[in-house]
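[1] Here you go, sequence then predicted model.
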Amino acid sequence: MNLSRLVIATGLLTTLSACSVGPRYTAPQPKLSATWQAPLPHEGKLTQLTEWWGSFNDPTLTQLIQTSEQSSPTLTQAVARIKQARASWDSTAASLYPSVDLNAKSTRSKSNPFGSQVFLQTASSLSLDAAWEIDLFGASRRARESALAHITARQADWHDARVSLAAEVANSYLNLRACEIATDSADRDWHSRQHTAALTQLKVTELFLPASDSTLTRAYASDAHNRLLNQQAECELNIKALVALTGIEETTLRQQLAPRHAQLPTSPLLNISSVPADLLRQRPDLAAAERDLAAAMADAGLAEANRYLRLSLTGSIGVSLLNLNGVSSQTDTWSFGPALTIPLFDAGKRRANAQLALAKYDEARAGYELKVRNAVKETEQALVRLDSTRQRMLDAQSSVTDFKAAWQAMNQRYQAGTTSLLEVEDSARNLITAENTLTTLQRDQLTASISLYKAMGGGYEIINNHD
């Protein structure tokens, strides 16, 4: 083959390599409502997603979230997956280019074929070998396309893991603070019932009350103590959860938590200015699912391309040296030529692989649409819970105010001698119950806010590289 024919053949192969077979990817556009159906948060200070955690006005919570991100095995795994995806992309991208290998070899041998004369031989060779598979039907490019989509997906997974971790730390922290408040209330209730039991026993001794009243009040006191012990155990469980999430040594964590004992953070309200369709851009898990879907389509194109012929170019340039009993000789070699592989019969294996890849794409697309629906559901449910707790808290706050006023009035009557201590204690326990209900609603409102934060993507907008 002369030089002009080689140039023409190379140009033709390059033109052919621009061809690509298989289905092409188009990003799905799920049908979503134009507006949210649940009430949007309103009243109070509206906070953007990116300013979210600072709006709780709780430095301890912010510090715990930051610490958890620095030592989280979950985030470390997510970063490792990004590195794996990048390495896979580098490996796949390399297949588009020729490979060149330098081979060097030298051997020394001795033989005595005729029994008298000894032959000493040194054989050396040096060769430069090159190979390049022409990407006729886009197999290598579709593999590269798939690998690139996986990188973006794994980056989105890292963002999703970060949002989920922050939400989990915050929920554990809120549960602990609410538990501490409930424990303090349970302790007051227990002491109140102990006092009532002691007073009742005195009246039974003086025959003012039947013995059954003393038995009943002691039972109430024992039940209150049981609830107190249960609350203390729940608080301990929440601390253990925070230790696992943050990686902070337990003694150090308890010292960090102590200054804000039994204090719930303030409850910020999100500024939900987006519409349901924005979830496709705001949620990292949806972004990851969409990129995995694109990779699945690229894999389908790769499987289709593998059904067609494959063409490779190989070449080699080398030199061989032979020294036999001091007599040397040299041989120069070169070779160049195409290698064509045409699939003739495989009992339908390649076709089945292409059908399998398409079926996997269909599965991935259905999974993506399911994730979109779940994302809308999670957002709507969080909005409903947030609105419900906001409305119920109005009644709970009113209840606490009224029970507190009743307890204060009962105290005044007791000081004036117009009521008994038992009635004062009953009034105090009613107040404790109302305060516990309010605390639970405050905790639920904060939890609903965090659920909404997570459902809206946690401030995720543009995927950035994370090293």
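    Done, it's in. Worth saying up front: this structure is predicted, and the values here are computed from it rather than measured.
[2] Low-confidence regions, the stretch 51-200 of the chain specifically.
    113-116 (pLDDT under 70).
[3] just so I have it, where are all the strands in it?
    99-111, 119-134 (DSSP state E, counting those that start in this stretch).
[4] try the stretch 351-467 of the chain
    Going by DSSP E, counting those that start in this stretch, the stretch 351-467 of the chain shows no strands.
[5] want to try JSON lines for the strands of the stretch 51-200 of the chain, with distance to Ala198 and mean neighbour count as columns?
    For glycine as for every other residue, the C-beta is placed from the backbone atoms N, C-alpha and C. Below are those laid out as JSON lines (distance: least, C-beta to C-beta, whole Å; neighbours: other C-beta atoms under 10 Å):
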{"stretch": "strand 99-111", "distance to Ala198": "90", "mean neighbour count": "10"}
{"stretch": "strand 119-134", "distance to Ala198": "91", "mean neighbour count": "15"}
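[6] Serialize the ones you listed to a markdown table and add fields for distance to Gln412.
    As requested, the strands of the stretch 51-200 of the chain are arranged in a markdown table below (distance: least, C-beta to C-beta, whole Å):
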| stretch | distance to Gln412 |
| --- | --- |
| strand 99-111 | 94 |
| strand 119-134 | 94 |
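[7] following the helix or strand where Gln232 lies, which helix or strand shows up next?
    In this assignment (DSSP states H and E), Gln232 forms part of helix 211-246. For helix 211-246, the following helix or strand on the C-terminal side (DSSP H and E) is helix 250-257.
[8] Just the buried residues of that next one, please?
    Using 16 or more other C-beta atoms under 10 Å as the test for burial, helix 250-257 gives Leu253, Gln256, Leu257.
[9] Give me the buried positions along the helix holding Gln232.
    By neighbour count on 16+ other C-beta under 10 Å, the buried set for helix 211-246 is 213-214, 217-218, 220-221, 224-225, 227-228, 231-232, 234-235, 238-239, 241-243, 245-246.
[10] can you give me the helices for the stretch 251-400 of the chain?
    Using DSSP state H, counting those that start in this stretch, the helices of the stretch 251-400 of the chain run over 279-282, 284-305, 349-416.
[11] Quick one, which of the strands of the stretch 51-200 of the chain gets closest to Ala287.
    Nearest to Ala287, of all those, is strand 119-134, at 33.2 Å by C-beta to C-beta.
[12] What strands flank that closest one, and is each parallel or antiparallel?
    Strand pairing for strand 119-134, determined by DSSP bridges: strand 99-111 (antiparallel), strand 310-324 (antiparallel).
[13] Now do the first one: distance to the chain's middle.
    Relative to the centre of its chain, strand 99-111 is centred 52 Å away, using C-alpha atoms, centre = their mean, to the nearest Å.
[14] ok so, going back, and the angle for the helix holding Gln232 with helix 250-257?
    100 degrees (axes from the mean of the first three to the mean of the last three C-alpha atoms, to 10 degrees).
[15] Now do helix 211-246: which elements does it pack against?
    Applying 3 or more C-beta pairs under 8 Å, 6 or more residues apart in numbering; DSSP states H and E, one finds that helix 211-246 contacts helix 59-71, helix 139-205, helix 250-257.
[16] and the angle for it with helix 139-205?
    Using the same axes, to 10 degrees, the direction of helix 211-246 lies 160 degrees away from that of helix 139-205.
[17] Skipping its backbone neighbours, what lies nearest Trp158 in space?
    Closest residue in space to Trp158, ignoring its immediate chain neighbours: Ala78 at 4.1 Å, by C-beta to C-beta, 6 or more residues apart in numbering.
[18] from memory that neighbour sits against Ala161, does it?
    Yes - counting by C-beta atoms under 8 Å, Ala78 touches Ala161, with 4.6 Å between them.
[19] residues touching the nearest residue to Ala211 once chain neighbours are set aside, list them.
    Distances taken as C-beta to C-beta, 6+ apart put Val204 closest to Ala211, at 5.5 Å, once the chain neighbours are dropped. Contact analysis of Val204 by C-beta atoms under 8 Å, 6 or more residues apart in numbering lists Pro210, Ala211, Asp213, Ser214.
[20] In CSV, list the residues you listed along with pLDDT and distance to Ser451.
    Formatted as CSV, these follow (pLDDT from 0 to 100; distance: C-beta to C-beta, whole Å):
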residue, pLDDT, distance to Ser451
Pro210, 84, 52
Ala211, 85, 52
Asp213, 79, 47
Ser214, 85, 48
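[21] Could you find which two of the residues you listed are furthest from each other?
    Pro210 and Ser214 (8.2 Å).
[22] Near Ala409, how many other residues are there?
    Counted with other C-beta atoms under 10 Å, the neighbours of Ala409 add up to 12.
[23] Report pLDDT for it.
    pLDDT recorded at Ala409 is 92.
[24] Relative to Thr419, how far out is it?
    Relative to Thr419, Ala409 is positioned 9 Å away (C-beta to C-beta, to the nearest Å).
[25] and if you look at Asp332?
    Here the criterion is C-beta to C-beta. By it, Asp332 lies 118 Å from Thr419.
[26] Of those two, give the one with the bigger neighbour count.
    Thr419 (16 against 8).
[27] phi, psi of the more buried one?
    phi -150, psi 170 (degrees, to the nearest 10).
[28] Next, count neighbours for the nearest residue to it once chain neighbours are set aside.
    Using C-beta to C-beta, 6+ apart and skipping the chain neighbours, the partner closest in space to Thr419 is Arg413 (4.2 Å). For Arg413, the neighbour count with other C-beta under 10 Å is 15.
[29] Repeat that for Leu452.
    With other C-beta under 10 Å as criterion, Leu452 counts 24.
[30] hey, what's Val319 bridged with?
    Leu126, Asp332.
[31] one step back: determine which of the helices and strands packed on helix 211-246 approaches Asp292 most closely.
    helix 139-205 (4.9 Å).
[32] How about the contacts made by Gln381?
    Per C-beta under 8 Å, 6+ apart, neighbours of Gln381: Ala38, Ser451.
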